[in-house]
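S.K.: Here is the input, now give the coordinates:
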Amino acid sequence: AMVLVACLVLAAETTKGDYQFKTALCVAEDVINSIFILEYLLRWYSRSLAPKYLLKWEMVIDFVSFFPFILEKLGAGNLSGLTFLRLLRVLRLQRYLRDTDSFENIVGTQGGRRVKRYQLEVARGSSSLLSALFI
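M.R.: Sure, this is the predicted structure:
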């Protein structure tokens with residue numbers, strides 16, 4: 001859910017709006033980035049701070065997506081040209097759509113109901129379409 005909110009905030013930042021609206025979006029983006037960084041560090045901590053874990057595909061994608069934020073906060077200036085890297089977070093959603101078991105985990109099937117193959121394909125197609133629209 002946080003990935004989708006982050007993408008919506010990023011999309012809203014590209015629209016025209018008054019100063020207060022833009023400021024609110026910047027604050028929201030800072031909060032979201034902070035949450036992503038905290039979650040990233042907690043996942044690494046849960047793996048006993050193993051350096052090898054940082055090289056996993058998901059960890060690399062996550063790091064690249066918030067690295068411009070860190071640079072900006074360290075005083076590297078306005079890196080708005082790198083904001084597209086935040087969209088890499090959408091790739092995190094794709095890992096849940098690789099098979100029906102992963103998909104069932106996120107949709108929370110109950111009562112022994114199984115996800116049908118076409119439902120997974122619709123979710124994959126929708127995710128790909130939304131990814132293309134955000135980029």
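
S.K.: And the longest helix seen in the chain, what does it pack against?
M.R.: Ordering each helix of the chain by length in residues (DSSP state H) puts helix 19-46 first. In this structure, helix 19-46 packs against helix 2-13, helix 57-73, with contacts taken as 3 or more C-beta pairs under 8 Å, 6 or more residues apart in numbering; DSSP states H and E. In short, each C-beta sits where N, CA and C put it, glycine included.

S.K.: what comes up buried for that helix?
M.R.: 25, 28, 29, 32, 33, 36, 37, 40, 44 (16 or more other C-beta atoms under 10 Å).

S.K.: For those residues, could you give me a markdown table that also reports distance to residue 113 and pLDDT?
M.R.: Formatted as a markdown table, the buried residues of helix 19-46 follow (distance: C-beta to C-beta, whole Å; pLDDT from 0 to 100):
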| residue | distance to residue 113 | pLDDT |
| --- | --- | --- |
| 25 | 39 | 87 |
| 28 | 36 | 90 |
| 29 | 37 | 85 |
| 32 | 33 | 88 |
| 33 | 37 | 88 |
| 36 | 32 | 89 |
| 37 | 37 | 93 |
| 40 | 33 | 93 |
| 44 | 35 | 95 |
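
S.K.: Dump those residues into a markdown table; add distance to residue 13 as well.
M.R.: Output for these, formatted as a markdown table (distance: C-beta to C-beta, whole Å):
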| residue | distance to residue 13 |
| --- | --- |
| 25 | 5 |
| 28 | 9 |
| 29 | 7 |
| 32 | 12 |
| 33 | 13 |
| 36 | 16 |
| 37 | 19 |
| 40 | 22 |
| 44 | 28 |
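
S.K.: Identify, from those residues, the entry nearest to residue 12.
M.R.: Within the buried residues of helix 19-46, proximity to residue 12 (C-beta to C-beta) peaks at residue 25, which comes in at 5.7 Å.

S.K.: residues in contact with the closest one?
M.R.: 9, 12, 13, 17 (C-beta atoms under 8 Å, 6 or more residues apart in numbering).
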